[in-house]
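Novice: Got a sequence here, can you build the structure:
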Amino acid sequence: MFRLNQFDANNIKQFLSHKTYRNINLYIDFDNMLFGIYYPEVYCSQTSYIQAIITAIETSIKRLYAIYKSFETDFEQVNVVCFAAFGKEKLREIDSEYKKRNKLNYTVALDVLNFIKQNANTDDFIKGTRQIVLKVTQLILNKAFKDFCFVISENIDSDIIPYYAINWLNNQKTAHVIISSDKDFVQLLNNKHIYQYRTTYRKPIFANNNMIKHYTILEQASIDTEIKPFKNSLLNVLYFAIIGDTTDNIKPLIKRYGLKSKANVIIELRRFEDSEIENIEQLQKIVSLSNRSFDNDFKQLITKDSIKENPIHKNLALISFELQDRFIIDNSTRLNLRNQIDLLRQGDEKPFEYANNIVWQLFRIKLF
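Specialist: All right, here's what the predicted structure looks like:
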């Protein structure tokens with residue numbers, strides 16, 4: 001139920017072995033790593049429903065701790081920041097369809113159908129399952145395990161959490177590794193100490209009961225066959241704003257602006273790859289594409305109103321952490337995220353015993 005394991009830790013350590021980092025911060029996209037808890041095979045009975053939740057929590061914590069101990073042998077300080085979100089309403093104020101999923105059809109046993117009817121509709125039931133796993137795992141990691149924190153954002157996309165955390169925990173002797181397959185994080189690779197570890201899975205090939213994994217580690221100026229990041233992170237933001245993202249329901253703008261194809265957009269943006277672009281304003285001043293209609297929209301001043309009305313400004317705000325920080329995230333939200341990250345230094349002398357006590361109180365089941 002949790003994708004990360006020792007294989008991934010070894011890949012990252014091997015990649016960083018020729019560098020001279022003393023510390024490492026791991027930023028783990030928890031939703032991106034968790035699987036199985038959302039899907040119909042976990043709904044066989046009320047008993048197995050609870051067991052699926054317990055298994056997800058147990059597997060996640062065991063693997064996270066094993067990975068942490070593995071890095072501890074190579075680095076003086078290891079910090080593990082897990083992140084997830086409850087709702088994305090602030091971004092849906094810009095686009096109501098942002099990251100909305102189609103309703104899924106589930107085939108489940110009769111006793112579970114009855115359980116669902118008595119307690120909630122299907123969507124709420126699935127959502128509740130995920131939230132239970134996230135909140136219990138968060139409680140355990142934040143209270144029991146030193147050098148761990150689990151940050152859950154309320155009503156904003158969790159992708160922005162590493163953007164803040166890297167700034168708050170930054171140190172030139174520290175490697176920052178974002179573990180997620182989400183391509184939005186490519187925009188953070190403007191710093192030579194920031195890396196992204198991306199995993200993909202080939203289904204249905206299995207070896208020793210594990211799916212065969214392919215992985216890519218992206219750093220500044222890396223070229224990946226799937227997402228082709230530019231050297232400058234802000235060019236990546238603009239590229240994704242133009243081509244859209246079907247998984248997040250961000251509408252493509254290629255046809256709207258007559259930019260022909262993704263390949264054509266890449267060719268046009270490559271002309272600016274060696275330009276010094278440090279913020280969105282510089283991006284607007286320097287970059288100009290072949291379509292006048294696009295340039296007219298793109299060159300307008302970005303405001304709270306424009307990100308709701310101007311198509312390219314809207315897509316930029318849905319993708320750019322810089323614009324979200326400027327126009328969408330308020331001070332209280334930032335403070336809440338900072339307070340959660342500050343829990344890194346807490347911990348219990350017997351973390352697994354503490355975890356057992358929490359799960360026993362909630363479910364009357366021993367975790368470890």
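Novice: just checking, R22 touches D74?
Specialist: No. The pair R22 / D74 is not scored as a contact, 9.9 Å apart, by C-beta atoms under 8 Å. The way it works is simple: take the backbone N, C-alpha and C, and place the C-beta from them, glycine included.
Novice: all helices of the stretch 151-300 of the chain, in order?
Specialist: For the stretch 151-300 of the chain, applying DSSP state H, counting those that start in this stretch gives helices covering 160-168, 233-243, 262-270, 280-286, 292-298.
Novice: Contacts for the third one, please.
Specialist: For helix 262-270, the external contacting residues (C-beta atoms under 8 Å, 6 or more residues apart in numbering) are 228, 230, 235, 238-239, 242-243, 254, 259, 287, 289-290.
Novice: Between helix 233-243 and it, find me the angle.
Specialist: Helix 262-270 and helix 233-243 are oriented at 150 degrees to each other (axes from the mean of the first three to the mean of the last three C-alpha atoms, to 10 degrees).
Novice: count of neighbours near K13?
Specialist: 15 (other C-beta atoms under 10 Å).
Novice: go on, N331?
Specialist: 7.
Novice: Equivalent analysis for K366, please.
Specialist: Using other C-beta under 10 Å, K366 has 11 other residues around it.
Novice: Now name the helix or strand holding it.
Specialist: Applying DSSP states H and E as the criterion places K366 outside every helix and strand.
Novice: residue ranges with poor pLDDT in the stretch 201-350 of the chain?
Specialist: Residue ranges of the stretch 201-350 of the chain with pLDDT under 70: 201-229.
Novice: just the strands in it please.
Specialist: 210-218 (DSSP state E, counting those that start in this stretch).
Novice: need the contact list for I24.
Specialist: 16, 71, 74-75, 77-79, 174-177.
Novice: for the residues you listed, which one is nearest I307?
Specialist: Proximity of these to I307 (C-beta to C-beta) peaks at H176, which lies at 27.9 Å.
Novice: Any idea how many residues pack against the closest one?
Specialist: A total of 24 residues lie near H176 under the criterion other C-beta under 10 Å.
Novice: what do you get for A175?
Specialist: 21.
Novice: related to what we said a few turns ago, compare the contacts of helix 262-270 and tell me which has the most neighbours.
Specialist: Neighbour max across these (other C-beta under 10 Å) = L238, 27 neighbours.
Novice: So that residue is in contact with Q284, correct?
Specialist: No. Using C-beta under 8 Å, L238 is not in contact with Q284, being 9.4 Å away.
Novice: can you tell me which residues contact the closest residue to Q340 other than its chain neighbours?
Specialist: Nearest-residue entry for Q340: V151, 4.4 Å, with adjacent residues in sequence omitted and distances by C-beta to C-beta, 6 or more residues apart in numbering. Neighbouring residues of V151 by C-beta under 8 Å, 6+ apart: 81-84, 158, 161, 165, 337, 340-341.
Novice: by contact count, what packs against the helix or strand containing A66?
Specialist: Assigned by DSSP H and E, A66 belongs to helix 46-72. Secondary-structure packing of helix 46-72 (3 or more C-beta pairs under 8 Å, 6 or more residues apart in numbering; DSSP states H and E): helix 6-16, strand 23-29, strand 77-86, helix 110-119, helix 122-144, helix 351-363.
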